[in-house]
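S.K.: With the sequence up front, the predicted model follows.
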Amino acid sequence: MEEESLKFKTAQTLKWNTIDRLSSQVLYAVTGIVLANLLAPEEFGLVGAVLVFQAFAALFIDSGFSNALVQKKSPTETDYCTVLYFNLCMSVAIYAVLWFCAPLIDDLFGAAGRLVAPARVMFLSFVINATAIVQTNRLTKRMDVKMIAVSNTVGLVASGAVGIWLALAGMGAWAIVWQTIVLAAVKSLLLWCTSHWWPRERFSLASLRSIFKVGAGIMASSFLNILFQNIYSFIIGAYYNLSKLGYYTQADKWSKMGVSSLSQVVTASFLPILSGCQDNLERFHRMMSKTHKFTAYIVFPSMLLLAAIATPLFHLLFGEKWDEAIPLFQMLVVRGIFVVLTSLYNNHIIALGAARRMVYSEAVKDTLAIVAIIATLPFGIGWLVGGQVIATVVYFVYAVWLVSSTTQYSSWTMAKELLPYVALSLLSLVPVTLLPLLLHHPLPLLAAQVVAFTAVYLAANSLLHSRIQQEVLAYLLHRKIQ
C-alpha cells in the first residue's frame, strides 16, 4: 500500500508540475512573442543586463535553505519561520546594496543612464518573491503543488496583460520591468491567501544551524552554477554590445522555456520522493532508475525536436527579425539535454545529504566553462555559445561518474538507460530533416515536422514495449499504474 501511495503521489505531483510548466510556458510564450515583435533587440539586452545581477540576488536570498528543508525529513514550525525571516532580511539588505550599485551597473554595460531606474524597480521583484519561498516549500514538501501551478498561471496572465499593454503604449524596456514586478506580486499574494499558514514569532539560530550543512552546500553549488549561467550574458553585453546581448537573451530565453520547464518538473517532483527513500539504498536505486528513464524518455525527443524545428518556429513567430538568434537557440537547446540530466543527478546527491559534493562538481563545471570562454571569446558569439555546449557535454560525463560514486549506482547502467531514448529520438528526426524539401511555408512545415516526429517516436517505443511509455499513457488515460 505504501508503494501504491507513493506512485499516486508521484503521479499527482508530476501532473500538477507538468500543468504548471505547460500553462506557464504557453502564457510566457504568448507574451514573449508579442513583446519580441514590439521591442528592439537592444531593449531586450537592457533587461538582460539587469537579470544578470538579479539572479545572484535571488540566490543569496534563498541561500539554499529552502531546498535543505525539502531534503530534511521532518522540518518543524520553527524551521519554516526561521528560514522565512532570514530570507526577508537578506532580501531587504541585498536590495539596498543593489539600489546604490545601479549607476555602476549602468556604466559597466555602457547604457548611458538608461539602465539605472529600470534596474532599481526590477530588483524589487526578488524582495517580493522572498515573501513566498517558504509557502512554496511547504507545498512542495507535502507533494501538494496544485496551488503553485494556479498562482503561476494567474500571475502570468496578469503580468502578460500588463507587459503587452505597456509595450503597445511605447514604454520599451519598462514593459518587461513591470511585467516582472506584477508576476512576483500576484504569485506571492495568491500563495499567502491560499496556503493557510502564517509565521509565528519564532527565530532560532539552532534551527538555522541544523540545516546549514546541506543549505550551505546547495548555496555554494548554486552560486557557482548561477555565476556561469549568467557569465555569458555579462561577457556578451560588456565585451560585444547590447544588441548582441539582445539576440543571446532571446535565444537563451526561448531555449530555457523547454530546458527550465523540464528541469523544474524533475527537481520539484522527484526530490521529495528520493529524499523519502534515503535510508533504503535498494529502494533508492529503484527510484533512481525509474526517474532516470522517465527523464530520458521526455528530454531527448523534446529537445532534439526543438532544435530541428527552430527555423520555421522563429519565422512563424517573429518573421526574420530574430534570425541571428536561431543558431544560438539550437545550440542552447542541445546543451539543455545535458543540463536537465545533470539537474536530475544533483537531486540524487541532495537526497542523500551529500550537498558538499555538488560544490566540487560545480568547480569542475566552471573550470571547463572558463577554458571554453578563453578559447572561443575572440571568434564571436557563435563560437562562444558552441564552446558552452562542448563544456557542458564534458561536464555531463563527469556528473555521471560523480552520481555513480555517491549513490553506488553503476554508471554503465545509467548509460544503458539513456541509449534507447537517444537512438529512438535520432530515428524520429529522419522525417523531420526531409520535410523541408517538400514544404516551405513555416506553418505547414512546422505542423508536419511535429506530427511526423511524434508519430515515429511513439510508434517506435510501442514496438519496443517501452515500460515508461506504458506507464505514462496509463496515467494519462486514467488506468491503474502497475
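M.R.: Structure's in. What do you need? Remember, it's a predicted structure, so these values are computed and weren't measured experimentally. Numbering: from 1, shown residues only.

S.K.: neighbours around Leu438, how many?
M.R.: Neighbour count of Leu438, defined by other Cβ atoms under 10 Å: 9. From N, CA and C alone the C-beta is placed, and that goes for glycine too.

S.K.: Would you map the helices across the stretch 301-450 of the chain?
M.R.: Assigned by DSSP state H, counting those that start in this stretch, the helices in the stretch 301-450 of the chain fall at 310-318, 326-351, 355-376, 381-407, 411-434, 442-463.

S.K.: mean pLDDT for those helices: which is lowest?
M.R.: Within the helices of the stretch 301-450 of the chain, confidence is poorest for helix 355-376, with a mean of 80 (mean pLDDT).

S.K.: So Tyr247 sits against Pro327, correct?
M.R.: No - Tyr247 lies out of contact with Pro327 (Cβ atoms under 8 Å); the separation is 10.1 Å.

S.K.: Settle it for me: which of those two has more neighbours?
M.R.: Tyr247 (23 against 16).

S.K.: secondary structure element for that one?
M.R.: helix 242-276 (DSSP states H and E).

S.K.: So what's the model's average confidence on that helix?
M.R.: Here the average pLDDT along helix 242-276 is 68.

S.K.: re earlier: hey, which of the helices of the stretch 301-450 of the chain is tucked in deepest?
M.R.: helix 326-351 (a mean of 23; mean count of other Cβ atoms under 10 Å).

S.K.: ok and that one relative to helix 310-318, angle-wise?
M.R.: 100 degrees (axes from the mean of the first three to the mean of the last three Cα atoms, to 10 degrees).

S.K.: which outside residues touch stretch 392-400?
M.R.: For stretch 392-400, the external contacting residues (Cβ atoms under 8 Å, 6 or more residues apart in numbering) are 335, 338-339, 341-342, 345, 361, 364-365, 368, 411, 414-415.

S.K.: cool, stretch 331-345 as well?
M.R.: So stretch 331-345 is in contact with 251-252, 255-256, 258-259, 262-263, 266-267, 270, 291-292, 295-296, 299-300, 303-304, 306-307, 310, 385-386, 388-389, 392-393, 395-396, 399-400, 402-403, 418, going by Cβ under 8 Å, 6+ apart.

S.K.: Return it as CSV; C-alpha atoms alone will do.
M.R.: Output in CSV follows, covering the C-alpha atoms of stretch 331-345 (Å, rounded to 0.1, in the frame of the first residue of the first chain):
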residue,chain,number,x,y,z
MET,A,331,23.0,25.1,-29.7
LEU,A,332,21.5,26.1,-26.3
VAL,A,333,18.6,23.6,-26.7
VAL,A,334,21.0,20.7,-27.4
ARG,A,335,23.0,21.8,-24.4
GLY,A,336,19.8,21.7,-22.4
ILE,A,337,19.6,18.0,-22.7
PHE,A,338,22.6,17.6,-20.5
VAL,A,339,21.5,20.5,-18.2
VAL,A,340,18.3,18.6,-17.4
LEU,A,341,20.1,15.3,-16.8
THR,A,342,22.7,16.8,-14.5
SER,A,343,19.9,18.6,-12.6
LEU,A,344,18.4,15.1,-12.0
TYR,A,345,21.8,13.8,-10.8
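
S.K.: Tabulate the helices of the stretch 301-450 of the chain (a markdown table), appending distance to Ala149.
M.R.: Shown next, in a markdown table, are these (distance: least, Cβ to Cβ, whole Å):
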| stretch | distance to Ala149 |
| --- | --- |
| helix 310-318 | 25 |
| helix 326-351 | 20 |
| helix 355-376 | 27 |
| helix 381-407 | 29 |
| helix 411-434 | 27 |
| helix 442-463 | 24 |
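
S.K.: Among these, which comes closest to Val150?
M.R.: helix 326-351 (24.3 Å; Cβ to Cβ).

S.K.: tell me the angle of that closest one relative to helix 355-376?
M.R.: Using the same axes, to 10 degrees: helix 326-351 against helix 355-376 is 160 degrees.

S.K.: what's the angle from helix 326-351 to helix 411-434?
M.R.: Going by the same axes, to 10 degrees, helix 326-351 makes 160 degrees with helix 411-434.

S.K.: Thought His441 was touching Ala448, still the case?
M.R.: No - taking contacts as Cβ under 8 Å, Ala448 lies outside contact range of His441: 10.4 Å.

S.K.: for Trp322, phi and psi?
M.R.: For Trp322, the backbone dihedrals are phi -110, psi 30 (criterion: degrees, to the nearest 10).

S.K.: Just the pLDDT for it.
M.R.: 81.

S.K.: Tell me the spacing between it and Arg120.
M.R.: Distance of Trp322 to Arg120, given as Cβ to Cβ, to the nearest Å: 29 Å.

S.K.: Which residue of these two possesses the greater neighbour count?
M.R.: Trp322 (22 against 18).

S.K.: and stretch 109-124, C-alpha only, in PDB?
M.R.: Output of stretch 109-124 as PDB, limited to C-alpha atoms (Å, rounded to 0.1, in the frame of the first residue of the first chain):
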ATOM      1  CA  PHE A 109      27.300  48.000 -19.800                       C
ATOM      2  CA  GLY A 110      27.600  51.400 -21.400                       C
ATOM      3  CA  ALA A 111      23.900  52.100 -21.100                       C
ATOM      4  CA  ALA A 112      24.300  55.900 -20.800                       C
ATOM      5  CA  GLY A 113      21.900  56.200 -17.800                       C
ATOM      6  CA  ARG A 114      19.100  54.100 -19.400                       C
ATOM      7  CA  LEU A 115      19.600  51.200 -17.000                       C
ATOM      8  CA  VAL A 116      19.500  52.900 -13.600                       C
ATOM      9  CA  ALA A 117      15.800  53.400 -13.000                       C
ATOM     10  CA  PRO A 118      14.600  50.100 -14.600                       C
ATOM     11  CA  ALA A 119      17.200  48.200 -12.500                       C
ATOM     12  CA  ARG A 120      16.000  49.800  -9.200                       C
ATOM     13  CA  VAL A 121      12.400  48.900  -9.900                       C
ATOM     14  CA  MET A 122      13.100  45.400 -11.300                       C
ATOM     15  CA  PHE A 123      15.200  44.400  -8.300                       C
ATOM     16  CA  LEU A 124      12.100  44.800  -6.200                       C
END
